[in-house]
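J.: Please work out how this folds:
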Amino acid sequence: MFTNISAQSRFRGKTHLPSLALFAIVFVCNSAMAPAQQAAKPTNWEAWQFLLGEWEGKGGGAPGQGAGGFTFALDLQKRILVRRNHSDYPATNKQPAFSHEDLMVIYQEADKPARAVYFDNEGHVVHYNVEFSPDQNSLVFLSEASPSAPQFRLTYNKAPGNSLAIKFEIAPPGAPGKFSTYLQAVVQKKDG
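T.: Residues are numbered from 1 along each chain as shown. Model prediction:
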């Protein structure tokens, strides 16, 4: 917008002082905000360290049991935690083989509990509240209850031998907290 005004001003031989003053104010405000934003304290991810890295899961070989893996990695100068997941499912009598991919971004705003937003290749978007158990051995992602949509609960439990136990549960619309297990697995952390 300012470039066009300046070009028109030079072409006509006129100067638009109000436009230049507005540009200077915006530039100064943005410049002043940048150091303040950079000074913001990074999120403390200490309790989350056990999740960081690459994880692998393998199905039992029966129809419908998939294999895949996911990663948890800090991003944006340790301001967010990103989980990327990919699973492959073999064909069954009822459906062809397919792949599932999802992305979850976990974040913390100042003085607020952690939250997460989940996206997948099937078009789902889920917002989660995130909470550790008091002993910090379990991490629970819980979506808000809704009368018109399912409620989801995803739990990660620390397990022996550098592994994680995962449980994904779904409650029907209008029945918050009445969860049924949809998926349960144990995944192993890859060396490296």
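J.: going forward, measure contacts between C-alpha atoms and count neighbours the same way
T.: Fine.
J.: now the helices for the protein?
T.: 2-12, 17-38 (DSSP state H).
J.: Return the member of those having the minimum mean pLDDT.
T.: Lowest mean pLDDT within those: helix 2-12, a mean of 42.
J.: so residue 128 makes contact with residue 141?
T.: Yes. Residue 128 is within contact range of residue 141, at 5.5 Å (criterion: CA atoms under 8 Å).
J.: hey, what's in contact with both of these two?
T.: residue 116 (CA atoms under 8 Å, 6 or more residues apart in numbering).
J.: okay, now the domains of this protein?
T.: Using automatic domain parsing, the domain ranges for the chain come out as 2-38, 46-189.
J.: Comparing those domains, which comes out most buried?
T.: When these are scored by mean count of other CA atoms under 10 Å, the highest mean neighbour count falls to domain 46-189 (a mean of 15).
J.: contacting residues around the closest residue to residue 139 other than its chain neighbours?
T.: Spatial nearest neighbour of residue 139, excluding adjacent residues (CA to CA, 6 or more residues apart in numbering): residue 132 at 4.5 Å. Residues in contact with residue 132 (CA under 8 Å, 6+ apart) are 138-140.
J.: Likewise for residue 144?
T.: Under the criterion of CA under 8 Å, 6+ apart, the neighbours of residue 144 are 127-129, 151-152.
J.: Dump the residues you listed to JSON lines, plus pLDDT.
T.: As requested, these are arranged in JSON lines below (pLDDT from 0 to 100):
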{"residue": "127", "pLDDT": "97"}
{"residue": "128", "pLDDT": "98"}
{"residue": "129", "pLDDT": "97"}
{"residue": "151", "pLDDT": "97"}
{"residue": "152", "pLDDT": "97"}
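J.: Can you pick out the most distant pair from those residues?
T.: Across the contacts of residue 144, no pair lies farther apart than 129 and 151, at 11.7 Å, counting by CA to CA.
J.: shared neighbours, those two?
T.: In contact with both residue 129 and residue 151: 142-144, using CA under 8 Å, 6+ apart.
J.: Dump the residues you listed to TSV, plus distance to residue 168.
T.: Putting the shared contacts of residue 129 and residue 151 into TSV (distance: CA to CA, whole Å) gives the following:
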residue	distance to residue 168
142	10
143	12
144	15
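J.: Among these, which ones are in strands?
T.: Among the shared contacts of residue 129 and residue 151, the residues falling in strands (DSSP state E) are 142-143.
J.: Rank the shared contacts of residue 129 and residue 151 by pLDDT and give me only the lowest.
T.: Ranked by pLDDT, those bottom out at residue 144 (92).
J.: ranking the domains of the chain by mean pLDDT, which is last?
T.: Lowest mean pLDDT of those: domain 2-38, a mean of 49.
J.: check contacts around the spatially most central residue of the chain.
T.: When CA atoms, centre = their mean is applied to the chain, the residue found nearest the centroid is residue 105 (1.5 Å). If you count contacts by CA under 8 Å, 6+ apart, residue 105 has them with 80-83, 116-118.
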